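Undergrad: Coordinates only, no sequence provided:
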C-alpha cells in the first residue's frame, strides 16, 4: 500500500513538471512568433508591400452623349469678341491715374507740358461672343457687344489667333450685328436652324464666353417662346434656362441637331448673375437681318402706316363689341400712308394678311416687313361688323415713321482714332531743361506727350512720359527721327520700341514694347 502511494505521488510530480515544461514551451513559441510578426510589420512600414498591385488609369470609355457631339461640332465656330470704346470719364474720381510714386512724376510731367490732368476720353473694354456663319469670316453677334467700338478683336478657339474685325452692318431694332474677319483659310461655321420648329421643353445648348471664360457650353430647355422683354417691336425672344451670363451675348443657342436656333441676347436677374431666365433672338429673325446686312449694310423694313397695341387687340370684350372673334385693332393711321390711301381707319379690325389669320401682332407685322418694298399685301378687316378687303402697298417704314428710324447708318461708321503715324501717340522733343528736370541728361530719345485712348499705342502699353530711344533698333533722337522711322513701316509689319520708363524707385528702366502695325 505504501509503495503504491509513493508511486502515485511520483507520477503526479512528474506530470506537474511536464505541464510546467509544456506551458513554458508554449510561452516561448508565442514570444518568438510575436517577435517575427512585429519584425514583419516593421518591414511593411519601411520597405513597402511586395504583393500589392499598383493602381492604373483605365482606358478612356467613350460615353454616349449627344451634348458632347454637339459641342464638338459647334465650338470651333464660336468666337470671343473683345472691343475698345472711347468714352468720357463720368466723374473725376474715375479718371485713370498711374499708381504709386509715379503720381508725383506724372504731376510734374503734366504741369511741364501744361496738361493739368488727363481729363479727356478714356478707353473702355468689354467682352462678348459671336458665331461664324460663313467660311469667309462673317460673324453674327449682338449689336450691344460691338456698339460704339473703335476696335473690334476676334479670337478663334482653334488657333488662339486674334484678328481685327470690321463692322459690316447693324440693326438697332433686333440688337443684331454682322462683323467680318479676314483669315488666310476657310473658317469653321455653325449651321443655321429653323426656330419656328421649336417647342417648349425642347433641349438646347448655349455657347459663348461668360465672364471671359471662352468655349463654355451650358444646357437647358426652351422655357417659352415669343417673349417680349422690351419696347422694341421686333425683339420677340426664345426663353431658356440654359445658363447665360455676361459675356454670352452674341453666342449661339443650338438645338439637338447642332443647329443655331437663336442668338443669346439678354437675361432677367435679381442677382446680377444667372437666375435661370435667359433670352435668345430666334434664328429666323437673325437670318433675315443677316441677309440684308451683308447685301446692303442696313435693314429695311416695310410698313403700311398703321399703329396698334396688343392690349386692345387681345381684349375679348373690345373685340366682341367690334364684331370680331380675333384680330388686330387699328389705333392710328399715318397721314399719307399706304393704309390711308387704301381707305383704312382707326377701329378697323384686321383679321387676315394674305389669307392667313391675324391673332397677334407678329401675325400682322411679320408678313408686312418681309414683303419687298413696292409690293402689295392683301388684308381682310372688319368695319362696323362688316367684312371688307384691301390691297395695300408696302413702303419703307423709316419714311412712314421717320421719328422711329434707327441710327444704324451712323453706327456702322467706325471712327479712326489712330494718329497719322499709325500709333495713336504724340511725341515731343526732350529739351535740355526737361532732360535736367527728368534726370535724363546726356541721353537721346523723344518723350511721349499723349497716348490716344483705345489706340494701338495704348494696346501695347505705352504711357505718357515714356521716352522712345529706338524703333526696330534704329536710334530716335528727335520727332523727325520718329516720323522717318515710322514712315518706313506699313500695316502688318512687326515693330519693337525700346523705351526708357521712370520706375517707382525714381530710376529709368529699359522696357521693350512690341506689336504689329495696324491699318490706318
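TA: Noted; the coordinates are in hand. Bear in mind that the values here come from a model prediction, so they are computed numbers and not experimental data.

Undergrad: Find the residue closest to residue 83 in space, skipping its chain neighbours.
TA: residue 149 (3.8 Å; CB to CB, 6 or more residues apart in numbering). Quick note: C-beta positions are derived from backbone N, CA and C, even for glycine.

Undergrad: Report the secondary structure state of the one you found.
TA: Per DSSP: H, G, I helix; E, B strand; the rest coil, the secondary structure class of residue 149 is coil.

Undergrad: The nearest residue to residue 186 once chain neighbours are set aside and residue 183, how far apart?
TA: In space, and not counting its chain neighbours, residue 186 is closest to residue 135: 4.1 Å by CB to CB, 6+ apart. Applying CB to CB, to the nearest Å, the value for residue 135 to residue 183 is 9 Å.

Undergrad: quick one: which of the two has more around it?
TA: Using other CB atoms under 10 Å as the criterion, residue 135 and residue 183 rank with residue 183 on top: 16 against 13.

Undergrad: What about the closest residue to the more buried one other than its chain neighbours, how many residues nearby?
TA: Counting by CB to CB, 6+ apart, residue 137 is the residue found nearest to residue 183 once chain neighbours are left out, at 5.6 Å. Other residues near residue 137 number 22, with proximity taken as other CB under 10 Å.

Undergrad: Pull the contacting residues for the nearest residue to residue 471 once chain neighbours are set aside.
TA: Using CB to CB, 6+ apart and skipping residues adjacent in sequence, the residue nearest residue 471 is residue 485, 4.5 Å away. Residues near residue 485 by CB atoms under 8 Å, 6 or more residues apart in numbering: 471, 472, 474, 476.

Undergrad: Going by neighbour count, which of those comes out on top?
TA: residue 476 (23 neighbours).

Undergrad: re earlier: and the residue nearest to residue 183, what does it touch?
TA: For residue 137, the contact set (CB under 8 Å, 6+ apart) comprises 163, 180, 181, 182, 183, 187.

Undergrad: go on, residue 253?
TA: If you count contacts by CB under 8 Å, 6+ apart, then residue 253 has 204-207, 238, 240, 242, 260-264, 280 around it.

Undergrad: same check, this time on residue 495
TA: Residue 495 neighbours (CB under 8 Å, 6+ apart): 471, 472, 489, 514, 515, 516, 517.

Undergrad: And the next helix or strand past the strand or helix carrying it?
TA: Using DSSP states H and E, the element containing residue 495 is strand 494-502. For strand 494-502, the following helix or strand on the C-terminal side (DSSP H and E) is strand 508-516.

Undergrad: Just the helices from the stretch 301-450 of the chain, written as ranges.
TA: Shown for the stretch 301-450 of the chain, the helices assigned by DSSP state H, counting those that start in this stretch span residues 310-313, 316-321, 338-341, 361-369, 397-400, 408-411, 432-438.

Undergrad: Redo those helices as TSV? Include mean pLDDT and mean neighbour count.
TA: Shown next, in TSV, are the helices of the stretch 301-450 of the chain (pLDDT from 0 to 100; neighbours: other CB atoms under 10 Å):
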stretch	mean pLDDT	mean neighbour count
helix 310-313	74	15
helix 316-321	87	12
helix 338-341	95	20
helix 361-369	88	19
helix 397-400	88	18
helix 408-411	41	14
helix 432-438	79	13
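
Undergrad: Of all those helices, which one is nearest residue 157?
TA: Closest approach to residue 157 among the helices of the stretch 301-450 of the chain (CB to CB): helix 408-411, 27.7 Å.

Undergrad: hey, what's in contact with both of residue 135 and residue 183?
TA: Common contacts of residue 135 and residue 183 (CB under 8 Å, 6+ apart): none found.

Undergrad: Serialize the helices of the stretch 301-450 of the chain to TSV and add fields for distance to residue 501.
TA: Converted to TSV, the helices of the stretch 301-450 of the chain look like this (distance: least, CB to CB, whole Å):
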stretch	distance to residue 501
helix 310-313	61
helix 316-321	72
helix 338-341	66
helix 361-369	57
helix 397-400	52
helix 408-411	38
helix 432-438	11
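
Undergrad: Looking at the ones you listed, spot the one closest to residue 251.
TA: Per CB to CB, nearest to residue 251 of those: helix 408-411, 21.2 Å.

Undergrad: tell me the contacts of the closest residue in space to residue 176 that isn't next to it in sequence?
TA: Take residue 176 and drop its neighbours on the chain: the residue closest to it by CB to CB, 6+ apart is residue 289, 4.8 Å away. Residues in contact with residue 289, defined by CB under 8 Å, 6+ apart, are 171, 174, 176, 299.

Undergrad: Beta-bridge partners for residue 84, please?
TA: residue 125, residue 151 (DSSP bridges).

Undergrad: ok, it touching residue 424?
TA: No: with contact defined as CB atoms under 8 Å, residue 84 does not count as touching residue 424 (10.8 Å).

Undergrad: who's more crowded, those two?
TA: More neighbours surround residue 424 than the other of residue 84 and residue 424, with 23 against 20 (other CB under 10 Å).

Undergrad: other SSEs contacting the one helix or strand residue 169 maps to?
TA: According to DSSP H and E, residue 169 maps onto strand 162-171. The helices and strands touching strand 162-171, judged by 3 or more CB pairs under 8 Å, 6 or more residues apart in numbering; DSSP states H and E, are helix 143-146, strand 151-155, strand 176-181, helix 283-296, helix 408-411.

Undergrad: Quick one: closest of the ones you listed to residue 58.
TA: Smallest distance to residue 58 across the helices and strands packed on strand 162-171 (CB to CB): 35.4 Å, for strand 151-155.

Undergrad: Pull the number of nearby residues for residue 492.
TA: If you count neighbours by other CB under 10 Å, residue 492 ends up with 9.

Undergrad: For it, what are phi and psi?
TA: Residue 492 adopts backbone torsions of phi 100, psi -10, taken as degrees, to the nearest 10.

Undergrad: my read: it touches residue 517, true?
TA: Yes: assessed by CB under 8 Å, residue 492 is found in contact with residue 517 at 6.6 Å.

Undergrad: shaky segments in the stretch 1-150 of the chain?
TA: 1-50, 62-64, 86-126 (pLDDT under 70).

Undergrad: again with the stretch 351-500 of the chain
TA: Residue ranges of the stretch 351-500 of the chain with pLDDT under 70: 403-422.

Undergrad: Strands along that one, start to end?
TA: Assigned by DSSP state E, counting those that start in this stretch, the stretch 351-500 of the chain shows strands spanning 356-357, 376-383, 386-393, 395-396, 425-429, 446-451, 467-471, 474-475, 494-502.

Undergrad: Including distance to residue 329, could the ones you listed go into JSON lines?
TA: Formatted as JSON lines, the strands of the stretch 351-500 of the chain follow (distance: least, CB to CB, whole Å):
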{"stretch": "strand 356-357", "distance to residue 329": "15"}
{"stretch": "strand 376-383", "distance to residue 329": "10"}
{"stretch": "strand 386-393", "distance to residue 329": "15"}
{"stretch": "strand 395-396", "distance to residue 329": "22"}
{"stretch": "strand 425-429", "distance to residue 329": "61"}
{"stretch": "strand 446-451", "distance to residue 329": "59"}
{"stretch": "strand 467-471", "distance to residue 329": "69"}
{"stretch": "strand 474-475", "distance to residue 329": "75"}
{"stretch": "strand 494-502", "distance to residue 329": "65"}
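
Undergrad: Can you check which of these gets nearest to residue 304?
TA: strand 386-393 (4.7 Å).

Undergrad: Might you calculate how far the closest one sits from the centre of the chain?
TA: Taking CA atoms, centre = their mean, to the nearest Å, the mean C-alpha location of strand 386-393 is offset from the chain mean by 47 Å.

Undergrad: just checking, what packs against that strand?
TA: Under the contact criterion of 3+ CB pairs under 8 Å, 6+ apart, strand 386-393 touches helix 338-341, strand 376-383.
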